[in-house]
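*Asks:* let's see this in three dimensions:
(one chain, ligands or ions: 4)
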Amino acid sequence: MTDTALRICPLCEATCGLTLTLADGRVTGARGDRDDVFSAGFICPKGASFAELDNDPDRLATPLVRRDGVLTEATWDEAFAAVADGLGGVLAQHGGGAVGVYLGNPNAHTVAGGLYTPLVVRALGTRQVFSASTLDQMPKHVALGLMFGSPVAFTVPDLDRTDYLVVIGANPLVSNGSVTTAPDFPGKLRALRKRGGRLVVIDPARTRTAEIADRHLAPRPGTDAALLLGVVHALFDEALVDLGPVAEHVDGLEQVRALADDFAPEVVADHCGVAASEIRVLARELAAAPSAAVYGRIGTSTVEFGTLGSWLVDVVNILTGNLDRPGGVMFPLAPTAPAPRPPKPGRGFRTGRWHSRVSGYPEALSELPAAALAEEIETPGEGQIKAIVTIAGNPVLSAPDGDRLDRALASVDFMLSVDPYLNETTRHADVILPPPPPSASPHFDLALNALAVRNNARYSPPVLPRADRPDEAEILARIVLILSGVGADGDPALVDDQVIAATLAKETADPDSPVAGRDVDELTAMLAEGPGYERRLDLMLRLGAYGDAFGARPDGLTLAALKAAPHGIDLGPLRPRLAEVLRTPSGRIELAPDQLVADTARLREAVTSTPAAMVLIGRRHLRSNNSWMHNLPALAGGTNRCTLRIHPDDAAEIGVTDTARVKGPGGELVVPVELDDGMRRGVTSLPHGWGHDRAGTGQQVAAAEPGVNVNQLNDGTTLDPLSGTAVLNGIPVLVEPVG
Ligand SMILES: Nc1nc2c(c(=O)[nH]1)N[C@H]1C(S)=C(S)[C@@H](COP(=O)(O)OP(=O)(O)OC[C@H]3O[C@@H](n4cnc5c(=O)[nH]c(N)nc54)[C@H](O)[C@@H]3O)O[C@H]1N2
Ligand SMILES: Nc1nc2c(c(=O)[nH]1)N[C@H]1C(S)=C(S)[C@@H](COP(=O)(O)OP(=O)(O)OC[C@H]3O[C@@H](n4cnc5c(=O)[nH]c(N)nc54)[C@H](O)[C@@H]3O)O[C@H]1N2
Ligand code: SF4
Ligand SMILES: [Mo]
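*Replies:* Residues are numbered from 1 along each chain as shown. Ligands and ions are numbered 1, 2, ... in the order given. The predicted model follows:
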């Protein structure tokens, strides 16, 4: 018998609604759910491979525990006992501060990652916390934090209404969008052009997104901050600055004008490799458009001036009057965001409240740079990492200098990984706890709803039973129980009960809460029956911006209401809400925060320095996802290959044809060459997430076509100093013929 079930896709930030076909207790296919309120039927090749991903025979079905040096299948009881034993030993001897935690990207796509990883970190009480954020969007957090007082006050382009979109350092036709949650990003870009709007793409490679643009500027990698400062200069110079209604909320305008003085388009043009006239036209068009949005991503973020670039994206949005208005960049309001309180000055945002032990890097959002993980494990002394917990991460491939991290991970006293695969990172674990596949997991976009181009709420309960294994929420809750001394046999619901009790105590005591003064027990009893994560989701929804406030607003959201609307609930277009968002001590937008202004000194130097002859950038493929989807036959092969893309004239000049040797600060690789006249001269690209040729891993399809690990070219010493983010784009390399 064939059956269907609805399920939100967890494989990228677009969060498409899928209709799964089910037969004989497994998923057999997936198509886009045309009735989904947010995605309206869109699906990409990865979503279409949901069944293959879900049924991948290489997924771990049982925990693995290291016995006599060998990872061996074990029961769940045995595995949790081994965790209690292994972590317990390190905790007793060195304390929780000696446990390092690495949180990977899929945590942004799972209910468990959103609700329980913070509890794991808190139970450890460690400051050795690392994540994919410092290989990704941390610069954006820091820029937002300094400007708006909140590192999660995301400015998202209003894709459905904008008249002019500048995409800088992003390739949404391939990535399907990032830090902007928009199913069918390609369709939205086509719709923009159809309604007479314009698309400008700024990218050193002529990407698929660049190919559909009205205009493509191809700067030298790493120069976005200078280019944007050139735009800022032109806006002031040509009297095009007009902040619109947000003007009364902005401090620091004159400082920004003064700062941009030295960065005239004519001054930065050579450095950026973009004509001054192009930069001026960009400024004029942005100012003239009825509405416009500048949207920056990986190419603007994981670079030497990542935080400056991320800041300047929004400086341009503000100077052209496009902040917080339809068609500009706006602040989404997620269904689990707390109900807005009356505007009041906040405590602001700071980085560097503590520093990493070895290199003294400042923390950002309570995290240390992923690029510093290996040295924190290797370097003896007080606070050295003795045990490591990885949850949904593969830093051996995703972070700089994987060989070094590989050796470091092999040296810790104990390592725990929560991951469905035995891969380049988890092969070092003493215990691997595998969560069930997506079909047996719930889905709710805790993180990504806050980035959605249209406010919405959708929930997918597990589609299939998870047989006799714990779901990821329970796995993480049990780890919390072990860490808090209750032991692995404790009831995981205790963990959720505690969060619920603490949240309600705080809310009922807050005069501005929608449940101010109400009785905690009464509210607790009103929560939906079900697993702990559902009760917590219900709690957040009901206290949230659209919530029912526990009956006070009967039409408001509850988990039950979401369950009754399996295609989701549309919560309308983005609306202006700057006042609710601002949390700076001044209560104003800080257009020129001190730290950012100070960092422009580095930029000033860069503008006059001699550029490297060849620099390396990254690229993504539509049928790939970081390091962990090379194991699906349907997605592998074809153009999805680990090749060095280079302009044919560069290749001819260097004398490379089929294969090249690439040397970077961290090592060298031999790679197949792919000629592409869409690459800017002097720029070459390699995708990341490859290098599946290490022994002792369990992804057979991936191992058959391993590729090379691009991050081996990177020694991890070059970071964006304000955010601790690794420089992954614009790395100087030498490309040579082989032999
Ligand atoms: N050179 C270069 N390096 C890069 C990048 C780049 O552009 N260039 N991009 C960077 C970016 S943006 C990112 S986000 C990082 C990603 O860095 P990571 O998050 O470290 O790496 P991923 O490859 O996403 O690994 C995800 C892991 O999660 C596991 N997993 C999958 N689903 C689940 C689940 O439901 N639960 C659990 N517990 N585990 C699961 C997978 O098996 C895999 O081990 O890579 C970064 N590295
Ligand atoms: N198919 C697929 N989709 C994915 C992923 C995947 O691996 N595959 N990964 C997911 C993740 S974790 C993330 S974070 C997102 C990332 O989403 P995006 O940022 O949209 O993805 P990228 O393809 O890395 O795009 C970065 C672009 O920046 C360009 N670039 C490099 N250096 C510079 C520079 O200095 N300046 C400018 N202006 N451009 C530069 C590159 O050529 C590239 O086209 O994608 C997500 N979606
Ligand atoms: S675009 Fe992203 S969310 Fe949509 S189907 Fe593809 S992988 Fe899934
Ligand atoms: Mo990412």
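*Asks:* get me the contact residues on the stretch 551-700 of the chain for ligand 1.
*Replies:* Neighbours of ligand 1 within the stretch 551-700 of the chain, by Cβ under 6 Å from any ligand atom: 618, 626-628, 688-689. To be clear about C-beta, it is placed using only N, CA and C from the backbone, and glycine gets the same treatment.
*Asks:* put together JSON lines for those, with secondary structure on each row.
*Replies:* JSON lines is the format used below for these (DSSP: H, G, I helix; E, B strand; the rest coil):
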{"residue": "Gly618", "secondary structure": "strand"}
{"residue": "Asn626", "secondary structure": "coil"}
{"residue": "Ser627", "secondary structure": "coil"}
{"residue": "Trp628", "secondary structure": "coil"}
{"residue": "His688", "secondary structure": "coil"}
{"residue": "Gly689", "secondary structure": "coil"}
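*Asks:* just the strands in the stretch 201-350 of the chain please.
*Replies:* Using DSSP state E, counting those that start in this stretch, the strands of the stretch 201-350 of the chain run over 215-217, 250-251, 293-296, 329-330.
*Asks:* residues in contact with the third one?
*Replies:* It refers to strand 293-296. Outside strand 293-296, the residues that touch it by Cβ atoms under 8 Å, 6 or more residues apart in numbering are 140, 157-159, 162, 164-170, 180, 224, 228, 286, 309-310, 313-314, 316-317, 322, 327-329.
*Asks:* related to what we said a few turns ago, what would the residues of the stretch 551-700 of the chain next to ligand 1 look like in JSON lines with pLDDT and neighbour count?
*Replies:* What follows is those, written out as JSON lines (pLDDT from 0 to 100; neighbours: other Cβ atoms under 10 Å):
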{"residue": "Gly618", "pLDDT": "98", "neighbour count": "21"}
{"residue": "Asn626", "pLDDT": "98", "neighbour count": "21"}
{"residue": "Ser627", "pLDDT": "98", "neighbour count": "28"}
{"residue": "Trp628", "pLDDT": "97", "neighbour count": "25"}
{"residue": "His688", "pLDDT": "98", "neighbour count": "22"}
{"residue": "Gly689", "pLDDT": "98", "neighbour count": "25"}
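*Asks:* now, the most widely separated pair of these?
*Replies:* Greatest spatial distance in those: Gly618 and Trp628, 16.3 Å, computed using Cβ to Cβ.
*Asks:* show me what from this protein comes close to ligand 3.
*Replies:* 9, 11-12, 14-16, 43-44, 46-47, 176, 183.
*Asks:* can you list the residues of the stretch 301-450 of the chain near ligand 2?
*Replies:* Near ligand 2, when you scan the stretch 301-450 of the chain using Cβ under 6 Å from any ligand atom, you find Val303.
*Asks:* hmm, stretch 433-447 in reach of ligand 1?
*Replies:* Yes. Stretch 433-447 comes into contact with ligand 1 (Cβ under 6 Å from any ligand atom), by way of Pro435.
*Asks:* so how far is stretch 74-90 from its chain's centroid?
*Replies:* 30 Å (Cα atoms, centre = their mean, to the nearest Å).
*Asks:* start and end of stretch 512-531, how far apart?
*Replies:* End-to-end span of stretch 512-531 (Cα to Cα, to the nearest Å): 29 Å.
*Asks:* got the buried residues for it?
*Replies:* For stretch 512-531, the neighbour count (16 or more other Cβ atoms under 10 Å) marks 513-515, 518, 520, 523, 527-528, 531 as buried.
*Asks:* quick one: what helix or strand has Glu736 in it?
*Replies:* Using DSSP states H and E, Glu736 falls within strand 734-737.
*Asks:* please enumerate residues in contact with the biggest helix by length in the chain?
*Replies:* Using DSSP state H, we find that the single longest helix of the chain is helix 76-94. Helix 76-94 is contacted from outside by 62-65, 74, 98-99, 386-387, 389, 413-414, 416, 430-431, 433, 469-470, 478-479, 482-483, 487-488, using Cβ under 8 Å, 6+ apart.
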